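Q: this is a predicted model, with the sequence first.
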Amino acid sequence: MFKSYFKAAFRNLVKNKVYSFINIAGLSAGMAVAILIGLWVWDELSFNQYHQHYDRIAQVMQNQTFNGRVNTGKGVPMPLGPELKNSYGSDFKHVVLATWSMNSLVSAGEKRAGLQGSFMQPEGPEMLSLKMVKGSRAGLKEHSTILLSRSLSETLFGDADPVGKIVKINDDLVETVTGVYEDIPLNSSFSEVKFIAPFLDLTSWTQGSEDNWYNNSFQVYVQLADHADIDKVSAKIANVKLNRMSKKDADSHTQLFLQPMSKWHLYADFKNGVNTGGAIEYVWLFGIYGGFVLMLGCYNFMNLSTARSEKRAKEVGIRKAVGSRRTQLVSQFFLESLLAAFFSFACSLLLILLLLPFFNQVAGKEISVAWSNPWFWSACIGFVILTGIVAGSYPAFYLSAFKPVKVLKGTFRAGPFAAVPRKALVVLQFTVSAVLMIATIVVFRQVQFTQNRPIGYNREGLITIIMRTANYHNSFAAMRNELLASGAITEMAESNTPITENDHYDDSFSWEWEGKEPDKKATFNTIGVTTEYGKTVGWQLKAGRDFSARFAADSFGLILNETAVKYMGLKNPVGEIIKWGNRSFTVLGVIDDVVMESPYEPVKQSIFHIKANDDGGILNIRLNPKLSLTTALGRLQAVCAKYSPAEPFNYQFVDEEYASKFEYEKRIGKLSVFFTVLALFISALGLFGMASFMAEQRVKEIGIRKLLGATVFNLWSLLSKDFVMLVIIALCIATPAAYFFMHNWLQHYTYRTNMSWWIFVATGSGAIIITLLTVSYQSIKAALSNPIKSLKTE
C-alpha cells in the first residue's frame, strides 16, 4: 500500500514540475533558515558550556547605591578572595582571585606576540577545566610559571615542546612554561585568554591592595561546593564587603551577589541593580524569525496544494468510489508532503554548506554542522517529519473531504469561500515579511543614529598604542620631538586609559567642592593624561583653557566635562577649587562630553587630571593628515623601533575601535537582512505560484475579455489588483505590530532613534513593488496569449 502511495506521490511531484519546484524551493529556503538559526541559537544557549562545571561556577559581583541609583559592577576588592575562603570555605570548592584580561606582550627570544592574558590564582585552570595538551592544570602553583594556549605556544615555539622554556611578559616578568592548553572556543567568556600566569606575580598591580576594601580592580570567580545552593550562598555573602567599610561609606549599601556562569553571556544587562536580560532577547527574536520563515515555506505548500484542488478532485472521487477510506487519502497526501519535505531538506543541506561560511562571518561565530553526531540526524529526521506534517495537514484534510458524487458528476466547484484560507495565508506571509523589513530598517537606523552621535573629539587619523613596557614612557619627550620633526604626527600624548573605554571609576567619595550637598556621594570617571592630550584627541573646550606644559601649576589642574559640571551644580566652574582627598585642584576648563564608554548610554561625569609619572597606559597619536597613511605609519614605526626595538609595532585606529562598539548590533542587523531577504524570496515564490494558478484558472475569461476589446493593461490590472489588495491588508496588520515590537526594543537604549513615518511608507512601497514584479510576468503572459487557443474547445 505504501509503495503505491509513494509512487503516486512521486509521479505527482514529477508531473507538476513548476508547482513542485516552487514548493521545494520555498520549503528548502525555509528549512535552511530554520536550521541555521537553530545552530546559532544552540551556540548562544551553550555559551560557556565548554567549561565542565559551568553550572557550578559564578562570579562575585556587587551592587552599590550612589545618590539613589544602584550601579552593578564586576570589579571587587582583593581581600574579598581570602575572606570568602576563610569564612565561607564550606560553600565553595574553589575561590579564585584574578585580574581583568590584560593586553600584554609575550616574548620568547626573538619571537613576540601581543595578546590578552590573565593573572589568576592556581585553582583557576582546574575550575575552568582547561583541556591540557602538555603539562597539567596544576602548573601555576609555583611563582614565575605560566600556561600558554596552543596557538600562542605555536607562535613562540613552533612544534617544539615549550614546557620548561622561558618566556617574558612585557619584558618585565620572567616566567617558566609549565603547560599548554587547547585554545578556548569563541563561545566562552575566556576565549581571548591566551596565557594564564600566577596572580601574585603581578606585584605592581596587587601591592598595597591586600587589605584595601575600596579598590575594586580585581575579579573573584567561585565554584560552588556540590551541596551548596547558589541563591542561599549569594544571600549569605551579601554584606561581606559592607561590614568592612567605614560608617561614612556604608551608605553606599554595597551588596555582593553571585552571577552564575550560565547567565554571563545571555543575561549581562543590569539596570538599577536588577538583571534585565541581555542577548537572550536576540535568541528569542531569531528563534521566532526562524519559525516564521519556515512557516512561510509551509504556507506556500498549503496554498498551492489547495489552489489546485479542482485538478485533484477527480482523482479523489475515483479513489473514494473504488473503496478508499478518508484515512487512506489523508495518508497519501501526507506522504506527498513528507516526500516534498525530504527533497527540500536535501536541498536545504546544500544551501547550508554554501551559506555557512558567509553566515559565520556575518554572525562572528565558528559554527559547524555535526555531520557525524547521531543526535543531529535524529533531530533532522524529526524536523523533516514535523515540517512535512505541518505543511501537508491542511491540504490533506481539505482534499480528502471532497464528495465523490459531486466530483464525478462534474458539479464540483471550489466555491467562492474556498479561496478565503489561501488569501489569508498570503496576507499572513506578507505580514511576517513586512514586520521583518520594518524591524531590519529600525535596527540599522538605531546603529546609524548612535554612530552619528557627537562624541566630543575627532577620531579621524587618531591611533593608540598600548605601552606594554616602560620604554615609550621613559622616552616620551624624545619620541614626541622626533616624530613632530619628521612630520609623521601633529601631536602625541599619554593617558591611563584608551579614549574608547574607561576603567578608572573613582567611588571613594573623596571629592569635595563648595556647595556640595552634605549627603551626596560623589563618583566620577577619573582619567589621567599628559598636557598634550586635548590637542591630540581634538576635544572641544566650552570654557576656560586646556592643560599646558608652560604652567607647572597645571599638575594640580582639572578639566571637567559638561556632565560633571551639571552633576556638581557649578554655575561658573572655571577657577573653582575641588578637593580630592587631602589635595586641592583648580578647574582649568570645561569640555564637551567625550563618549568613552557605551555610545548607547548617557556620558558619565568625568574629570581629567595630569597623569602620574608611571610607565603604564596608552600612547595617543594624531597622524599628520597631509601625509599618506603608509608614509606616516612608516615614519612612526621607525621611531618606535628606535626607542623600543623589542616591542612589536601594534597600533589601533580609534575610529575602528569606536566602530567595534556597534559590532553586535551590526551583526544582528546583517542577520536580519539575511533572513528578511529569504522571507521575501519565499513569499514571492508563493505569490508567483498563486499568480500562475490564477492565470491558468482564468484563461478562458481572459480570452473572452480580449475578444471584447480589453487591452493588455486592463487585463494586467485585473489580475494584479487582487494580490495588491492582499498585500495592503497585510501592511495594515504589520504596521502596528512592527511599531509595537520595535518601539519596545528601542526602549532598551537611552540614546535612541525614533520610528519615522517613512519607514512604514518605504516598507509598504517595497512590498507592493515586489508583488507587482512577481505577478506581472504571469499577468502579462496571460494577457498576451492568443484568445483563439483558450476558447477553441468551447
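A: Yes, it's here. Numbering: from 1, shown residues only.

Q: in the stretch 551-700 of the chain, which spans are strands?
A: Counting by DSSP state E, counting those that start in this stretch, the stretch 551-700 of the chain has strands at residues 557-561, 577-580, 583-591, 606-610, 618-623, 652-653.

Q: in the fifth one, what's buried?
A: So the one you mean is strand 618-623. Buried residues in strand 618-623, defined by neighbour count with 16 or more other C-beta atoms under 10 Å: 618-623. From N, CA and C alone the C-beta is placed, and that goes for glycine too.

Q: just name the most buried of the strands of the stretch 551-700 of the chain.
A: Ranked by mean neighbour count, those are led by strand 557-561 with a mean of 25 (mean count of other C-beta atoms under 10 Å).

Q: pull up the pairing partners for that strand, direction included.
A: Its sheet considered, strand 557-561 pairs with strand 583-591 (parallel), strand 606-610 (antiparallel) by DSSP bridges.

Q: what pLDDT, on average, does it get?
A: Averaged over strand 557-561, pLDDT sits at 94.

Q: one step back: quick one: closest of the strands of the stretch 551-700 of the chain to D519.
A: For the strands of the stretch 551-700 of the chain, proximity to D519 was assessed by C-beta to C-beta; strand 577-580 is nearest, at 17.2 Å.

Q: so what does that closest one touch, helix or strand wise?
A: With contacts defined as 3 or more C-beta pairs under 8 Å, 6 or more residues apart in numbering; DSSP states H and E, the packing partners of strand 577-580 are strand 511-513, strand 583-591.

Q: may I have stretch 440-457 as CSV, with CA atoms only?
A: In CSV, the C-alpha atoms belonging to stretch 440-457 read as follows (Å, rounded to 0.1, in the frame of the first residue of the first chain):
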residue,chain,number,x,y,z
THR,A,440,15.6,45.4,9.9
ILE,A,441,15.3,49.1,8.9
VAL,A,442,14.9,50.1,12.6
VAL,A,443,17.9,48.1,13.7
PHE,A,444,20.1,49.8,11.1
ARG,A,445,18.7,53.2,11.9
GLN,A,446,19.5,52.8,15.6
VAL,A,447,23.1,51.8,14.8
GLN,A,448,23.5,54.7,12.3
PHE,A,449,21.9,57.1,14.7
THR,A,450,24.2,56.2,17.5
GLN,A,451,27.3,56.2,15.2
ASN,A,452,26.5,59.8,14.2
ARG,A,453,26.1,60.9,17.8
PRO,A,454,28.5,63.8,18.7
ILE,A,455,31.4,62.1,20.6
GLY,A,456,33.3,65.2,21.7
TYR,A,457,36.6,64.5,19.9
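
Q: and the helices and strands packed on strand 577-580 as JSON lines, adding mean pLDDT and distance to A632?
A: Listed next are those as JSON lines, based on pLDDT from 0 to 100; distance: least, C-beta to C-beta, whole Å:
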{"stretch": "strand 511-513", "mean pLDDT": "86", "distance to A632": "40"}
{"stretch": "strand 583-591", "mean pLDDT": "93", "distance to A632": "26"}
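
Q: before we move on, back to that, redo the strands of the stretch 551-700 of the chain as CSV? Include distance to E665.
A: Below are these laid out as CSV (distance: least, C-beta to C-beta, whole Å):
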stretch, distance to E665
strand 557-561, 25
strand 577-580, 37
strand 583-591, 28
strand 606-610, 24
strand 618-623, 26
strand 652-653, 20
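
Q: so which of the ones you listed is nearest V233?
A: Nearest to V233, of the strands of the stretch 551-700 of the chain and by C-beta to C-beta, is strand 606-610 at 36.5 Å.

Q: grab the most central residue of the protein for me.
A: Residue closest to the mean C-alpha point of the chain, counted by C-alpha atoms, centre = their mean, is Y664 at 3.3 Å.

Q: from S510, how far off is it?
A: In this structure, Y664 and S510 are 36 Å apart, going by C-beta to C-beta, to the nearest Å.

Q: what does Y299 give?
A: Y299 is 65 Å from S510, by C-beta to C-beta.

Q: and these two? which has more neighbours close in?
A: Y299 (25 against 14; other C-beta atoms under 10 Å).

Q: so how far is the host helix or strand of the more buried one off the chain centroid?
A: Secondary structure from DSSP states H and E places Y299 in helix 280-307. For helix 280-307, the gap between its own C-alpha mean and the chain's C-alpha mean amounts to 22 Å (C-alpha atoms, centre = their mean, to the nearest Å).

Q: what mean pLDDT does that helix get?
A: Mean pLDDT, computed over helix 280-307, is 75.

Q: quick one: contacts for the residue nearest to the centre of the chain?
A: A279 (C-beta atoms under 8 Å, 6 or more residues apart in numbering).

Q: now it: how far from V443?
A: Distance, Y664 to V443, by C-beta to C-beta: 11 Å.

Q: and if you look at P648?
A: P648 is 37 Å from V443, by C-beta to C-beta.

Q: out of these two, which sits in the busier spot?
A: Neighbour tally, P648 and V443, criterion other C-beta under 10 Å: the higher count belongs to V443, 21 against 14.

Q: per-residue confidence at that one?
A: For V443, pLDDT reads 84.

Q: mind listing what the closest residue to it other than its chain neighbours touches?
A: Spatial nearest neighbour of V443, excluding adjacent residues (C-beta to C-beta, 6 or more residues apart in numbering): G669 at 4.4 Å. Going by C-beta under 8 Å, 6+ apart, G669 touches 440, 443-444, 447.

Q: so of these, which ones are in helices?
A: Counted as lying in helices by DSSP state H, out of the contacts of G669, are 440, 443-444, 447.

Q: and those as a markdown table, adding distance to L685?
A: Shown next, in a markdown table, are the ones in helices among the contacts of G669 (distance: C-beta to C-beta, whole Å):
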| residue | distance to L685 |
| --- | --- |
| T440 | 20 |
| V443 | 25 |
| F444 | 26 |
| V447 | 30 |
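
Q: of these, which is the nearest to F760?
A: For the ones in helices among the contacts of G669, the nearest to F760 is T440 (13.2 Å; C-beta to C-beta).

Q: any idea how many residues pack against the closest one?
A: 22.

Q: look up the closest residue to it, ignoring the ones flanking it.
A: S672 (4.1 Å).

Q: give the contact list for that neighbour.
A: By C-beta under 8 Å, 6+ apart, the neighbours of S672 are 289, 436, 439-440, 443.

Q: kindly recompute the last result at 7 Å.
A: 436, 439-440, 443 (C-beta atoms under 7 Å, 6 or more residues apart in numbering).

Q: of the strands of the stretch 551-700 of the chain, which is nearest F342?
A: The minimum distance between F342 and the strands of the stretch 551-700 of the chain falls on strand 652-653, with 50.8 Å, by C-beta to C-beta.

Q: so where's the stretch 51-200 of the chain uncertain?
A: Within the stretch 51-200 of the chain, the stretches with pLDDT under 70 are 67-68.

Q: on that earlier part again, now distance to W757 too, for the strands paired with strand 557-561, in CSV please.
A: What follows is these, written out as CSV (distance: least, C-beta to C-beta, whole Å):
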stretch, distance to W757
strand 583-591, 37
strand 606-610, 38
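
Q: and of those strands, who's closest to S628?
A: Closest of those to S628 is strand 583-591, at 31.0 Å (criterion: C-beta to C-beta).

Q: which residues of the stretch 151-300 of the chain fall in strands?
A: Going by DSSP E, counting those that start in this stretch, the stretch 151-300 of the chain shows strands at 166-169, 173-181, 195-198, 219-224, 255-260, 269-271, 274-277.

Q: deepest of these, which one?
A: The stretch of the strands of the stretch 151-300 of the chain with the highest mean neighbour count (mean count of other C-beta under 10 Å) is strand 195-198, at a mean of 25.

Q: in three-state terms, label the closest residue to N170 other than its chain neighbours for me.
A: Nearest non-adjacent residue to N170, counting by C-beta to C-beta, 6+ apart: R468, 4.6 Å away. Following DSSP: H, G, I helix; E, B strand; the rest coil, we place R468 in the coil state.

Q: can you count the residues close to S378?
A: Burial measure for S378: 10 neighbouring residues, criterion other C-beta under 10 Å.
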